[in-house]
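**Student:** sequence first, then the predicted structure, then my questions.
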Amino acid sequence: MTRIDEGAGMRADAQRNYQRVLSAAAETFAEEGPDASLNEIARRANVGPGTLYRHFPSRQALLGAVLRERIEALRARADELMSATDPDDALREWLRAFLTHARTDHGLGGVALTDPVDPGFDCHAAIHEAAHAVLARAQRAGSVREDARAGDVIQLVVGIALTTARHGPDPDRPERLLDLVLDALYEKHSSPRATRP
């Protein structure tokens with residue numbers, strides 16, 4: 001699914017400002033969480049606070065735009081993997097991308113659960129749709145257990161992200177736990193895990 005650019009139809013300079021604010025917000029929210037300073041975001045984007053508020057009239061609007069962009073990227077990644085790689089590799093690589101997304105969430109998902117940041121976009125449905133697509137393709141290929149469900153797999157990966165949110169003495173733990181999930185998905189078959197460098 002191609003993402004519709006929210007800045008479409010703007011003057012070129014306004015569109016550049018919109019994208020700069022969105023990029024700065026994604027970076028700042030990833031570092032500091034959803035309560036990050038909007039003035040700091042404007043500073044990083046090299047625009048005034050007034051410009052930020054013209055594009056995003058509230059914190060919720062900005063959070064929604066950042067979250068939507070990240071989830072649209074996950075959906076696009078699923079489409080790309082399914083057209084370019086075999087079903088097992090597509091599933092494995094998409095789950096790794098989703099784990100990275102979930103681990104860099106820094107509270108954005110929690111905000112979306114308690115107070116939807118973009119009423120016009122169901123982020124949970126979008127993630128479920130992408131997960132279901134890559135999982136069902138691997139199931140049709142006959143390598144993944146038939147009783148696996150996209151919602152369950154999503155919950156397992158989110159659980160890994162939550163329990164490994166703080167970088168401890170074992171930075172490889174998230175990937176190792178994801179490997180266990182993959183082993184469970186391929187329980188009756190050989191696991192297609194690639195050897196990590």
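**Tutor:** Yes, it's here.
**Student:** which other helices and strands does whichever helix or strand residue 50 is part of contact?
**Tutor:** In this assignment (DSSP states H and E), residue 50 forms part of helix 49-55. Packing partners of helix 49-55 (3 or more CB pairs under 8 Å, 6 or more residues apart in numbering; DSSP states H and E): helix 12-32, helix 38-45. Yep, even glycine has a C-beta here, placed from its N, CA and C like the rest.
**Student:** return the set of buried residues in stretch 97-105.
**Tutor:** 97, 98, 99, 101, 102, 103, 105 (16 or more other CB atoms under 10 Å).
**Student:** just to revisit the earlier point, helix or strand right after the helix holding residue 50?
**Tutor:** Helices and strands here follow DSSP H and E; after helix 49-55, the next one along the chain is helix 59-84.
**Student:** tell me how far that next one is from the chain's mean position?
**Tutor:** The chain centroid and the centroid of helix 59-84 are separated by 6 Å, computed with CA atoms, centre = their mean, to the nearest Å.
**Student:** for that helix, buried residues please.
**Tutor:** Quick answer for helix 59-84 (16+ other CB under 10 Å): 59-60, 62-72, 74-75, 77-79, 81-82.
**Student:** ok and it relative to helix 12-32, angle-wise?
**Tutor:** Interaxial angle of helix 59-84 relative to helix 12-32 (axes from the mean of the first three to the mean of the last three CA atoms, to 10 degrees): 90 degrees.
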